[in-house]
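In: coordinates only, sequence not included:
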């Protein structure tokens, strides 16, 4: 194997472990449960899962997606998240190397996966993802230098303030809650990673993709609660990966520079 793939392989294996822990967070944080104790158990028979049955991806395949003790089916979501996080960490290590930037990208992507999944499942975004992610983003920015920390703080303030303002205006117009607190805190976290310009692009992409999905359903008379965190997570991921290219294209297209 080429030496350039070795860091990606190591990071991918570590990412699979992170993905396994992320599954625990996704399951327990919305229910206000500890992610440390008790140890992982079968949700059906409550049998504690042995370490050899808790190997990311592999154990699910070996057991064919069932509990060893009671044969209760274990959802496909678990190995998919482990695989997604493994690929994420491997990809960031390949493209950015074992650097602070690579670590930042991997952690940010992992948080976004957690947010999107919990919002889709429970219509809630736990503070552990948003506020914990905000602290993490500020720490990583501080490690990159004073200028990066300033951009992160500004991004967090703009992200929180902008979505709070949109929510307050929407609530005044609609006479009901228009924006969940989790979404507002999430944008503070996102701002710490992508800066204030990234916040604007994230909200634009999130609103555009959310409208594309739910407007047709609304026109068909199918009213559903919109888990906006999913679309904000998508927008944040797009912004982090291709945001600078999109901003540069827009500036040139508008003839600003």
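Out: Looks like it came in fine. All figures in this text were calculated on a predicted structure; none of them were measured in a lab.

In: use CA for all of it now, contacts and neighbours both
Out: Will do.

In: Tell me which stretches of the stretch 101-250 of the chain form helices.
Out: For the stretch 101-250 of the chain, the helices defined by DSSP state H, counting those that start in this stretch occupy 127-144, 146-174, 181-219, 228-254.

In: name the helices or strands packed onto the last one?
Out: Right, the one you point to is helix 228-254. helix 100-122, helix 181-219 (3 or more CA pairs under 8 Å, 6 or more residues apart in numbering; DSSP states H and E).

In: Between helix 100-122 and the longest one, find me the angle.
Out: Put simply, helix 181-219 runs at 60 degrees to helix 100-122, going by axes from the mean of the first three to the mean of the last three CA atoms, to 10 degrees.

In: one step back: and the helices of the stretch 101-250 of the chain as TSV, adding distance to residue 80?
Out: Compiled in TSV, the helices of the stretch 101-250 of the chain are given as follows (distance: least, CA to CA, whole Å):
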stretch	distance to residue 80
helix 127-144	19
helix 146-174	30
helix 181-219	23
helix 228-254	17
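
In: In this structure residue 17 contacts residue 54, no?
Out: No: contact criterion CA atoms under 8 Å: residue 17 and residue 54 do not qualify, at 9.9 Å.

In: In this model residue 125 seems to touch residue 118, though I could be wrong.
Out: Yes: if you go by CA under 8 Å, residue 118 and residue 125 touch, sitting 6.2 Å apart.

In: Show me whatever sits in contact with both of those two.
Out: residue 30 (CA atoms under 8 Å, 6 or more residues apart in numbering).

In: Walk me through the domains of this structure.
Out: Using automatic domain parsing, the domain parsing of the chain gives 1-98, 126-257.

In: looking at these, which is closest to residue 111?
Out: Residue 111 sits nearest to domain 126-257 of all the domains of the chain, at 6.2 Å, using CA to CA.

In: Give the rounded mean pLDDT of that closest one.
Out: For domain 126-257, mean pLDDT rounds to 85.

In: how far out from the middle of the chain is it?
Out: 12 Å (CA atoms, centre = their mean, to the nearest Å).
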